[in-house]
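Colleague: next one to model:
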Amino acid sequence: MQVKTGDNPVVNQANSCAEKVRVLVLGLGNILLKDEGVGVHIAEQLAEQDLPDNVEVIDGGTSALDILLLQKGLYKLIIVDAVRAGKEPGTIYKAHWRTDQPAKLKTVCPLEEHSRISLHQVGLLDALALVERIGCAPKEVILIGVEPKEIAPDLELTEEIKQRVPAIIDTVLQEIKNALYRE
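Modeller: The predicted model follows:
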């Protein structure tokens, strides 16, 4: 079985470590607020792909804590969410940290009110801290953020973000491949 992005296979289960790791792709966001729902839209599209059995895709909406508390034995958590960092709409950000690097997590996602970059950031940080305390944190966490153009009432993504959806999906699929082909 293969997962494709563009014209090239990204994941070929027969040649991977696919049976040895669990990967969760968690799409976060509020679909009622245009680009704020980008993570959920990405999760919906990824769920339609033929992914290996050990790769799960969840539409997390705005409830990261509830979902993470139900997960055990994850190797990699890939979070897709709207992230405001002041660049052009559609800019894709990627932050990577291992759960044995808590100081790096605080650098990537500082807790001060004025420096929050994601609308779910505090809930997500709290969730990650809690799952680590109870011993079921994933080994790796990847945050794939997308700079929103507009956060306002509407069910549709803006045109700028819609055009970036294939690139966002490619980024997520590459992270899945990295987990499955790890050394």
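Colleague: which strands and helices sit next to the longest helix along the chain?
Modeller: Longest helix of the chain, by residue count under DSSP state H: helix 159-180. Packed against helix 159-180 by the contact rule (3 or more C-beta pairs under 8 Å, 6 or more residues apart in numbering; DSSP states H and E) you find strand 2-5, strand 8-12, strand 23-28, helix 38-47, strand 76-82, strand 92-98, strand 140-146. Quick note: C-beta positions are derived from backbone N, CA and C, even for glycine.
Colleague: ok, 6 Å please
Modeller: Under the contact definition 3 or more C-beta pairs under 6 Å, 6 or more residues apart in numbering; DSSP states H and E, helix 159-180 sits against strand 2-5, strand 8-12, strand 23-28, strand 76-82, strand 140-146.
Colleague: what angle sits between the fourth one and strand 92-98?
Modeller: What that stands for is strand 76-82. On the basis of axes from the mean of the first three to the mean of the last three C-alpha atoms, to 10 degrees, strand 76-82 is oriented at 150 degrees to strand 92-98.
Colleague: look up phi and psi at the closest residue to Asn54 other than its chain neighbours.
Modeller: Computed as C-beta to C-beta, 6 or more residues apart in numbering, the closest residue to Asn54 that is not its neighbour in sequence is Arg22, at 5.2 Å. The phi and psi values for Arg22, taken as degrees, to the nearest 10, are phi -110, psi 130.
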